[in-house]
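Enquirer: Whatever this is, show me its structure:
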Amino acid sequence: QLQLVESGGGYVQPGGSLTLSCAASVPDLDPYAIGWFRQAPGKERESISCISSRGGPVVAESVKGRFTISRDNNQKTVTLHMSRMKPEDTAVYYCASRINYYCSAFADEFPDWGRGTQVTVSS
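Expert: You can find the predicted model right below:
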């Protein structure tokens, strides 16, 4: 069974940067689209970004210009670099995967999920 492990969460001050990493336990990452989602207390899970082998990176409007996503198929990792962070970015961040060469913004189209990593933006 595919396992996803997030790392890199923590505390950051407003305006600061943080980089999250998602490591996938698969022989070949190429067929998978990997998405990043976040969920703040009392709010629904939100799609943040997604990257696939063919469709190109997708970034939500709420974080466009501040967050970038990249993937390394050799290392089987997907990285989310977050900059100019805001208190409203505080949430648990999850990576998720689906066997598809294209992304989706819908959480229920990703069958495999990591356990999440907490990101807190506060002064």
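Enquirer: residues in contact with the spatially most central residue of the chain?
Expert: Geometric centre of the chain, nearest residue: residue 36, 2.4 Å, by C-alpha atoms, centre = their mean. With contacts defined as C-beta atoms under 8 Å, 6 or more residues apart in numbering, residue 36 is in contact with 20, 22, 47-50, 69, 78, 80, 93-96. From N, CA and C alone the C-beta is placed, and that goes for glycine too.
Enquirer: for it, phi and psi?
Expert: phi -110, psi 130 (degrees, to the nearest 10).
Enquirer: What's the separation between it and residue 93?
Expert: The gap separating residue 36 from residue 93 is 6 Å, by C-beta to C-beta, to the nearest Å.
Enquirer: ok, back up a step: out of the contacts of residue 36, which one sits closest to residue 32?
Expert: Ranked by distance to residue 32 (C-beta to C-beta), the contacts of residue 36 are led by residue 78 at 9.1 Å.
Enquirer: you'd agree the closest one is in a strand?
Expert: Yes. Assessed with DSSP: H, G, I helix; E, B strand; the rest coil, residue 78 lies in a strand.
Enquirer: can you pull the contacts of it?
Expert: 21-22, 24, 34, 36, 51, 69-72, 95.
Enquirer: so which of these comes closest to residue 14?
Expert: residue 36 (20.3 Å).
Enquirer: Can you give the strand pairings for the host helix or strand of residue 94, parallel or anti for each?
Expert: Applying DSSP states H and E as the criterion places residue 94 in strand 91-99. Strand pairing for strand 91-99, determined by DSSP bridges: strand 32-39 (antiparallel), strand 112-113 (antiparallel), strand 117-121 (antiparallel).
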